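J.: This is the structure alone, sequence omitted:
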């Protein structure tokens, strides 16, 4: 917007200053060859052209002003739309931990309505239930405010990453939702767990061992201080 204001000032200065330059050139011309023509003759010849040029320049300046205002309004409209548009993402969380979660989150600035999810192939939860039968998928999300998320445990790392694990690692998720004004959004997300297959898993036993060692260290420090 600041750049548009500078541009407008430049053109207004140019279009107003140009006729004055033409008028000044006429006066200078009279001073150079003034012996042959009277002053009023040169001015009367230049004045209509300068006046017409000034009128045209002012019209151009007004047009530029209107264009600048329209651009400003468009920028404001874009900003308002960004601030009210939802953006829903879905992903698997904690793929290198014992429990893997399926997460749906609104990372946009606006609230979403009537969120519908459809995943293929069927995704099972940690109790081997098809999550498509859960309310999150079956009934959808009626109202989804910004920064809100839904989490569902879908199994352990062994259920996905063991050599003979029966569960697929790749899924296609189709989502649809509306913004506050009723505009519809649709998107497809590819969910792929195979990239985590060979990464080390943080087992619960390792966490328990670390917790025990920290507790023993604290105990030793306390005994030393006493």
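T.: Perfect, I can see it now. Bear in mind that the values here come from a model prediction, so they are computed numbers and not experimental data.
J.: Let me see the contact set for residue 169.
T.: Counting by CB atoms under 8 Å, 6 or more residues apart in numbering, residue 169 makes contact with 160, 192, 193, 194, 197. C-beta: built from backbone N, CA, C; applies to glycine.
J.: if we go to 7 Å?
T.: Remark: with contacts taken as CB atoms under 7 Å, 6 or more residues apart in numbering, residue 169 is in contact with 160, 192, 193, 194.
J.: Which among those residues count as buried?
T.: For these, burial is judged from neighbour counts taken by 16 or more other CB atoms under 10 Å, and it is met by 160, 193.
J.: Next, the residue nearest to residue 120 when sequence neighbours are not counted: secondary structure please.
T.: By the measure of CB to CB, 6 or more residues apart in numbering, the closest residue to residue 120 outside its immediate chain neighbours is residue 172, 5.2 Å from it. In three-state terms, and counting by DSSP: H, G, I helix; E, B strand; the rest coil, residue 172 is strand.
J.: Ok, the one 5 residues further on next?
T.: Taken by three-state DSSP, the conformation at residue 177 corresponds to strand.
J.: give me the number of residues near it?
T.: One way to gauge burial is a neighbour count; for residue 177, by other CB atoms under 10 Å, it gives 24.
J.: Show me which residues of the helix or strand where residue 102 lies are buried.
T.: Following DSSP states H and E, the helix or strand that holds residue 102 is strand 99-106. The neighbour-count criterion (16+ other CB under 10 Å) identifies 100, 101, 102, 104, 105, 106 as the buried residues of strand 99-106.
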